[in-house]
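[1] sequence unknown, structure follows:
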């Protein structure tokens, strides 16, 4: 029988992740026990949160263990089932990690309809990143018509959905992204009102020009200098869903939040959140997202790496902002 | 007729306030017009927020103007009234600023009962600072029985009330204050469960020992190093009412919030607030506070400076933490 190629966590990075922190190996495919299924992964999701799982620190989720398969969301096809809820040929979303095959309890999977949307979309716009955008924007950001919503990493899997939902709710959507190509995409294809290039020397001035009425909601994915600039534009009673700090994950001396005074004088609410805390919101979020994608109201883009061997490199590229839209690894 | 002694804002401080930023003068007492009253101030309140009003920056409230009377809350006696709602001899809370006499619309005053509580208490525990504690702790902090509430500036006008309300709600109250004398007061008289001296070299270790189950609510009055230490103790879903940042008001390069990552991984809510935004909450808050003070459930202490001439010095002392409890100036 075929072997199972896997990517293991070899060492915990200090500062920037390197490919040497991962190890690729092969192991026998594990047969399913009672209540379990064996799945062949077709797609692996790469997401910024994975950087935190590589650390040996207390966090909201279990860390990845040294010598074990790296954690990650997957979409695959059921090959064998020992549970009545799933049958061979079903496509499922799960968390099998960075490997070609996986065996787990049938309960840990969700069956998906690959006719309604491509299988890999369930790892992006109609999956965890899309739900993250929906939950953070609508339950913490609560944009009102005419308000200004700024989102960082605006061309990414989460940010691209945030801005498009903001538009659907009647707000002004302003993206922050790295480079003119991503900014053009955000404005021309995603239909944000504006996009500001954080790599440009004119970043702060461009941000001011793009937010003439200040900022009412800042959906934060990156932290660092972008946060510093946006927080100087807050209006009274602004809201800041804190979803990620990707610019700081590999910093041994993270920048933090410099302009705290603005949060006091403007009575800003900052709220950190993790979408897995809000399981009750997944069904309504996924319903909205599926409708918006199928009706063309929400667009998305994917960056696809091919084969597990390329997963570490693609993941490091994601942390550096080299991807464009949702970063995936095609496994089959 | 007597003249009106006043303290004017002479210059906007860069960094630390000095007495030279104020100017004392005398002016004729202004007679009341229709709908106005003339009040002789008995007490002036000194509060940390006044430092912000001295700056020429956008804030939640109008700044103090150069050459004008410094802003501030006052308690005084009505001398003359040209409005049916108030009569001579009534005691009122108002915002007449740093002066002996003031004339303003009767609507801007609230009559107080000096038999229910001493007049000056309406500037402290049953006034703005008490309401600030009530609003921030109960509507943002929302402490639950058994949770740990930490409050900085714990012996101050706001912090002392925060911890005592936390106890009334069944939480563990931990204060942070400057020096052993204040800490003893917080524990022995205010009955907090613990108090940690931020000036001690063992501050971080003592904070850990005082919060064995982590921190669920951090009521923030000071910012800086104290915030840095407390934010490393946050439990999941902690709440941080942001009331003030007194340690940073005179800093030209404020420290900000270093450990932002903790807000993400622990899904912390930080909410800046200003009690004047929440006028609808003053009546229920004042009702609770008056009951708790008269029944002895809430205790308080005052630092009293005598005469307007001493107000600038007392204000600078307040910013340095030299006061003990509510800082007042006795004017009559």
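    That came in fine, so what should we check first? Keep in mind that this is a model prediction, so the values were computed, not measured.
[2] now do the strands in the stretch 151-300 of chain A.
    Taking DSSP state E, counting those that start in this stretch as the test, the strands found in the stretch 151-300 of chain A are A:172-177, A:194-197, A:215-219, A:234-242, A:269-272.
[3] oh, that last question was meant for the stretch 1-150 of chain A, not what I typed.
    Taking DSSP E, counting those that start in this stretch as the test, the strands found in the stretch 1-150 of chain A are A:3-9, A:22-28, A:36-45, A:74-81, A:91-94, A:101-105, A:110-111, A:148-152.
[4] do you know which of the strands of the stretch 151-300 of chain A lies nearest residue B:82?
    Comparison of the strands of the stretch 151-300 of chain A against residue B:82 by C-beta to C-beta identifies strand A:234-242 as nearest, at 35.4 Å. Just so you know, the C-beta spots here come from the backbone N, C-alpha and C atoms, and that holds for glycine as well.
[5] so what's residue A:171 closest to, chain neighbours aside?
    residue A:143 (4.1 Å; C-beta to C-beta, 6 or more residues apart in numbering or on different chains).
[6] picking up where we left off before, using a markdown table, lay out the strands of the stretch 151-300 of chain A together with distance to chain B.
    A markdown table is the format used below for the strands of the stretch 151-300 of chain A (distance: least, C-beta to the nearest C-beta, whole Å):
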| stretch | distance to chain B |
| --- | --- |
| strand A:172-177 | 17 |
| strand A:194-197 | 21 |
| strand A:215-219 | 13 |
| strand A:234-242 | 5 |
| strand A:269-272 | 4 |
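[7] which one, of those, ends up nearest to residue A:320?
    With C-beta to C-beta as the criterion, residue A:320 lies closest to strand A:172-177 of those, at 13.5 Å.
[8] residues making contact with the closest one?
    A:146-155, A:159, A:162-164, A:166-167, A:183, A:186-187, A:190, A:192-198, A:207, A:210-211, A:213, A:215, A:222, A:226, A:230 (C-beta atoms under 8 Å, 6 or more residues apart in numbering or on different chains).
[9] make it 6 Å
    A:148-152, A:154-155, A:163, A:166-167, A:183, A:186, A:192-196, A:198, A:210-211, A:226 (C-beta atoms under 6 Å, 6 or more residues apart in numbering or on different chains).
[10] among those residues, which ones are buried?
    By neighbour count, with 16 or more other C-beta atoms under 10 Å in any protein chain shown, the contacts of strand A:172-177 hold A:148-152, A:154-155, A:163, A:166-167, A:183, A:186, A:192-196, A:198, A:210-211, A:226 as buried.
[11] can I get the strands of the stretch 1-150 of chain A in JSON lines with mean pLDDT and distance to residue A:310?
    What follows is the strands of the stretch 1-150 of chain A, written out as JSON lines (pLDDT from 0 to 100; distance: least, C-beta to C-beta, whole Å):
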{"stretch": "strand A:3-9", "mean pLDDT": "97", "distance to residue A:310": "10"}
{"stretch": "strand A:22-28", "mean pLDDT": "97", "distance to residue A:310": "10"}
{"stretch": "strand A:36-45", "mean pLDDT": "98", "distance to residue A:310": "10"}
{"stretch": "strand A:74-81", "mean pLDDT": "98", "distance to residue A:310": "16"}
{"stretch": "strand A:91-94", "mean pLDDT": "97", "distance to residue A:310": "21"}
{"stretch": "strand A:101-105", "mean pLDDT": "97", "distance to residue A:310": "18"}
{"stretch": "strand A:110-111", "mean pLDDT": "96", "distance to residue A:310": "26"}
{"stretch": "strand A:148-152", "mean pLDDT": "98", "distance to residue A:310": "27"}
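[12] tell me which of those sits nearest to chain B.
    Ranking the strands of the stretch 1-150 of chain A by proximity to chain B (C-beta to the nearest C-beta) places strand A:148-152 first, at 13.5 Å.
[13] who does the closest one pair up with?
    strand A:172-177 (parallel), strand A:215-219 (parallel) (DSSP bridges).
[14] pLDDT of the first one, averaged?
    Regarding strand A:172-177, the rounded mean pLDDT is 98.
[15] quick one, domains of chain A?
    A:3-124+A:300-330, A:128-276 (automatic domain parsing).
[16] out of the ones you listed, which one sits most buried?
    Most buried of these by mean neighbour count (mean count of other C-beta atoms under 10 Å in any protein chain shown) is domain A:128-276; its value is a mean of 22.
[17] contacting residues for the residue nearest to the spatial centre of chain A?
    Centroid-nearest residue in chain A, with C-alpha atoms, centre = their mean: residue A:129, separated by 4.3 Å. By C-beta under 6 Å, 6+ apart, the contact set of residue A:129 is A:157-158.
[18] cutoff 10 Å now
    Going by C-beta atoms under 10 Å, 6 or more residues apart in numbering or on different chains, residue A:129 touches A:45, A:47-48, A:73, A:123, A:156-162, A:243, A:275, A:289, A:300, A:325-326.
[19] with residue A:151 instead?
    Counting by C-beta under 10 Å, 6+ apart, residue A:151 has contacts A:133, A:136-137, A:141, A:158-166, A:173-177, A:186, A:192, A:195, A:217-222, A:230, A:241, A:243.
[20] swap in residue A:225?
    Going by C-beta under 10 Å, 6+ apart, residue A:225 touches A:198, A:203-204, A:247, A:255, A:258.
[21] can you redo the domains of chain A as a markdown table with distance to residue B:67?
    Output for those, formatted as a markdown table (distance: least, C-beta to C-beta, whole Å):
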| stretch | distance to residue B:67 |
| --- | --- |
| domain A:3-124+A:300-330 | 52 |
| domain A:128-276 | 24 |
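[22] looking at the ones you listed, which is nearest to residue B:6?
    Counting by C-beta to C-beta, residue B:6 lies closest to domain A:128-276 out of these; the figure is 26.9 Å.
[23] in CSV: the strands of the stretch 1-150 of chain A, plus distance to residue B:118.
    Converted to CSV, the strands of the stretch 1-150 of chain A look like this (distance: least, C-beta to C-beta, whole Å):
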stretch, distance to residue B:118
strand A:3-9, 65
strand A:22-28, 69
strand A:36-45, 65
strand A:74-81, 68
strand A:91-94, 66
strand A:101-105, 67
strand A:110-111, 65
strand A:148-152, 48
